[in-house]
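In: build me a model:
(2 chains)
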Amino acid sequence: MSNEKSGGAGSVVLIVVAFGIALAVFYGLNHFIMNIQGLPLNWDLTPAG
Amino acid sequence: MSFKRVSKLGCIRSFSAFIGAFLLALLIVGVTVPSVSVAAGVSDTLEERISPMGRVHIEGDDSFEPAVKTEASEAEEVVPYQMKKPSRSDYPDIGVSSRAVVWILAQLHLFFGALVLAIPLFVLVIELVGFRTGDERYDSMAHEFMKISLTGFSITAIIGGALAFALFTLYPDLMAYLTHVFGAQMLVYASLFFFESFFLYTYYYGWNAMRYGNLKWLHLTLGLLLNAAGMTIMVMANSWATFMMAPSGVNEVGQVVGNIWEVMKGPLWNPINLHRFIANIAFGGAVVGAYAAFKFLSTRDPEKRAHYDWMGYTSNFIAILSFLPLPFAGYWLMAEIYAYSQQMGITAMGGILAWLFIVQAVLIGTILLAANYYLWAGMSRTEGSERYKPLIKMIAFVLVVCFLIWVTPHTLILSASEIAALGGSHHHLLGPLGIMPAKNIAVNLMLIVTFLSFQLYRRSDKVATVSWAPFGNALMVAIYVVAMVNVIFAGVYYGYFTNTVYKVGSSVMQVSSTLVVIVVGITLDAFLFKGAKTLPSYWGKVPDRAQYALFALPVAFTWLMGLMGYVRSSVKTHWHVYTVMKDNSPDNFIPTIGYAGNMITLVTVLFLILVLFMFWIANLSATKQPKPAVSADGGAA
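Out: Below is the predicted model of the structure:
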């Protein structure tokens, strides 16, 4: 029972970490792609120009 | 007996290919206009050689002087080349439309050219894989692919010769001008045919003679040289097409003011090179896939069915993997067209030709649906695919919804009563789906889920055994979800709620998201399934209906290439060479969509008939007639 719980919690952590990485990658990608085109973005992804 | 027949076929092919190449070389050499480049009479500084394009040349105004002064030297007077401005009477009247004749020949030549340039590219890779892994099946398959394409080389050369003949006869002034501008480059082009033929025949006929050990490396080198010759031919021919669309290295009255490199390296050259390179591979994969499907359906032998099933799968793999980045190359090409001339861009995507992009959407949708269907049907080959089957319905749903968005037109041709019934020229709900942000979302999502189908198929016969497999899978799921959300967010937010500059810029963001999915998917799987447990796959155990998807692919690809070729050529409107040499022929207008549709269909049907001929020839070379039984009286029974 305890093992199942820790396994379930482990899966949640795994998913959260995976989504955290994916979000960080795409957030950085958005800034990078728009910046190299001379179209800067604010931290909340609204146009800074 | 069989060897003799094969040799005879080979001789006929070689002979016709050489005749075609010789005819092409002869025509080019024969009509090359001996002329003195204006560049010879001027200083070599860059500023002087490249003249500003700021002045307008008015037709009929003889007082116009080109920006580059062509001063003669003291020793000898150099007469600058004067481009002839053809009048209506300079075009021969042959009783039928010259444009239609050239259209058919050029498009057929392009189809076959694309095919025979693409097949050796992936054949070389397959051969290398076979050599490295030691699996002879790859080697045999690569050899069979080459066998299919061999007749194609002869057909390409013959049609190319006919095309050159038609161009020089029907458009003499244009061709005289182009031979003046490109000069010796055209001779290099013609001579490359001989190199290509040499490498082709030594590569194909030397296959079994150079199968193992160091000789295999020699054989691979021949394949590499064959591809090098083919690629050089392609980029050279591309430079003629792009010069006519966006001339460079010449001034406003057509005088050559740059060297051959400046003439070739126009703004559209590299986008076309990339687009054609990728498209050729996708097209070649689709055509050989149809061959595999044809062979699969025409045999009941389980061993042969297994072989052709695998061959069909490999062809589909090649076609779809190279098709996925193709829209991005097309996007780059269109962006460069807009950057070169907004008017040209608007003619392509904002005027009458805009409707063709809806037809394009239908064709690409057909390709993606057929390719996905083939992958889903192919999953029945392995028991491990059961775990992924529920996802197929979701993928199909996304594909169909996106397909419907993509084919939604922005502006409808409506009667007054229809406009009144609609409440305006645009439908309140469908109108927003007709513009580019919605299309971009649809295209990118379709590509992402197609890659998902592809990835699921590849995973279906494997079970990952690495310790970090759960995290790898979670990361892959997260990449898919966040990428799709990002594509929708970028399309909706920047597309509808910010200014145009950000709207256009965000499409690069969407493209990048799709590419990240593809790159991460391939890379992650390569590590995740290292040493994976493999589940049994049963090649040949695939429903017959899956093969019809393989037939659909080349038909849609061919039609699509014909359609977009018409768009690419039409954007020049009434110019032979855009802004430099006017087209004064009776056909100096953009043909109507209906007429173009008929022409494209005609060329597509002709191509498919010739492809069937190619398949038949490939089959014939493997057919052996049984020796007739001898009767008692000595005659044949």
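In: you'd agree residue B:495 is up against residue B:437?
Out: Yes - the criterion here is C-beta atoms under 8 Å, and residue B:495 meets it with residue B:437 at 2.4 Å. (Glycine included, C-beta is placed from N, CA and C.)
In: so what sits against both of the two?
Out: B:503, B:506 (C-beta atoms under 8 Å, 6 or more residues apart in numbering or on different chains).
In: what about residue B:233, how many residues nearby?
Out: 20 (other C-beta atoms under 10 Å in any protein chain shown).
In: contact partners for the nearest residue to it once chain neighbours are set aside?
Out: Counting by C-beta to C-beta, 6 or more residues apart in numbering or on different chains, residue B:192 is the residue found nearest to residue B:233 once chain neighbours are left out, at 5.1 Å. Counting by C-beta under 8 Å, 6+ apart, residue B:192 makes contact with B:229, B:232-233, B:236.
In: change it to 10 Å
Out: B:21, B:228-230, B:232-233, B:236 (C-beta atoms under 10 Å, 6 or more residues apart in numbering or on different chains).
In: using the three-state scheme, assign it.
Out: Secondary structure, DSSP: H, G, I helix; E, B strand; the rest coil: residue B:192 is helix.
In: quick one: it from chain A, how far?
Out: 38 Å (C-beta to the nearest C-beta, to the nearest Å).
In: can you check what pLDDT the model gives that residue?
Out: With respect to pLDDT, residue B:192 scores 93.
In: what are the ranges of the strands in chain A?
Out: For chain A, strands defined by DSSP state E do not occur.
In: hang on, the earlier thing: and the contacts of residue B:192, which of them are buried?
Out: Burial of the contacts of residue B:192 was assessed by neighbour count (16 or more other C-beta atoms under 10 Å in any protein chain shown); the buried members are B:21, B:229-230, B:233, B:236.
In: widest-spaced pair of those?
Out: B:21 and B:236 (14.2 Å; C-beta to C-beta).
In: residue B:335 against residue B:504, yeah?
Out: Yes - between residue B:335 and residue B:504 there is a contact under C-beta atoms under 10 Å: 8.4 Å.
In: now the buried ones among the contacts of residue B:192 as a markdown table including pLDDT?
Out: Formatted as a markdown table, those follow (pLDDT from 0 to 100):
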| residue | pLDDT |
| --- | --- |
| B:21 | 52 |
| B:229 | 96 |
| B:230 | 95 |
| B:233 | 96 |
| B:236 | 96 |
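In: ranges for the helices of the stretch 251-400 of chain B?
Out: With helices called from DSSP state H, counting those that start in this stretch, the stretch 251-400 of chain B shows them at B:260-264, B:269-297, B:302-323, B:326-340, B:342-349, B:354-378, B:389-406.
In: residues contacting residue B:480?
Out: A:22, B:448-449, B:451-452, B:455, B:517, B:520-521.
In: same check, this time on residue B:348
Out: Contacts for residue B:348 were tallied using C-beta under 10 Å, 6+ apart; they are B:334, B:337-338, B:354, B:356-357, B:564, B:567-568, B:570-571.
In: got a pLDDT number for it?
Out: On pLDDT, residue B:348 comes in at 87.
In: with residue B:84 instead?
Out: 85.
In: could you do residue B:204 as well?
Out: Model confidence at residue B:204 (pLDDT) stands at 94.
In: right, and it touches residue B:144 too?
Out: No - taking contacts as C-beta under 10 Å, residue B:204 lies outside contact range of residue B:144: 11.1 Å.
In: overlap in contacts, the two.
Out: By C-beta under 10 Å, 6+ apart, the residues touching both residue B:204 and residue B:144 are residue B:123.
In: what's the neighbour count on residue B:359?
Out: 18.
In: OK, contacts around it?
Out: B:407, B:559-560, B:563-564, B:567, B:593, B:597, B:600.
In: at 7 Å instead, please
Out: residue B:563 (C-beta atoms under 7 Å, 6 or more residues apart in numbering or on different chains).
In: how about the one 10 residues further on?
Out: Contact criterion C-beta under 7 Å, 6+ apart gives residue B:399 as the residues in contact with residue B:369.
In: what's the separation between it and residue A:15?
Out: Distance from residue B:369 to residue A:15, counting by C-beta to C-beta, to the nearest Å: 32 Å.
In: what about residue B:576, which SS state?
Out: With three-state DSSP as the basis, residue B:576 sits in strand.
In: wait, isn't it in contact with residue B:172?
Out: No - checked against C-beta atoms under 7 Å, the pair residue B:576 and residue B:172 is beyond contact range at 11.7 Å.
In: more neighbours, the two?
Out: Set residue B:576 next to residue B:172 and count neighbours by other C-beta under 10 Å: residue B:576 wins out with 20 against 16.
In: which SS class is residue B:531?
Out: coil.
In: what sits against it?
Out: Residue B:531 touches residue B:465, counting by C-beta under 7 Å, 6+ apart.
In: which residues of chain B lie near chain A?
Out: Counting by C-beta under 7 Å from any C-beta of the partner chain, the residues of chain B lying close to chain A are B:470-471, B:474-475, B:478-479, B:482-483, B:486, B:498, B:501-502, B:505, B:508-509, B:512-513, B:516.
In: and the furthest pair within the contacts of residue B:192?
Out: Largest separation among the contacts of residue B:192 by C-beta to C-beta: B:21 and B:228, giving 17.0 Å.
In: hang on, isn't residue B:155 packed against residue B:113?
Out: No - applying C-beta under 7 Å, one finds residue B:155 not in contact with residue B:113, separated by 9.9 Å.
In: sweet, I'm off.
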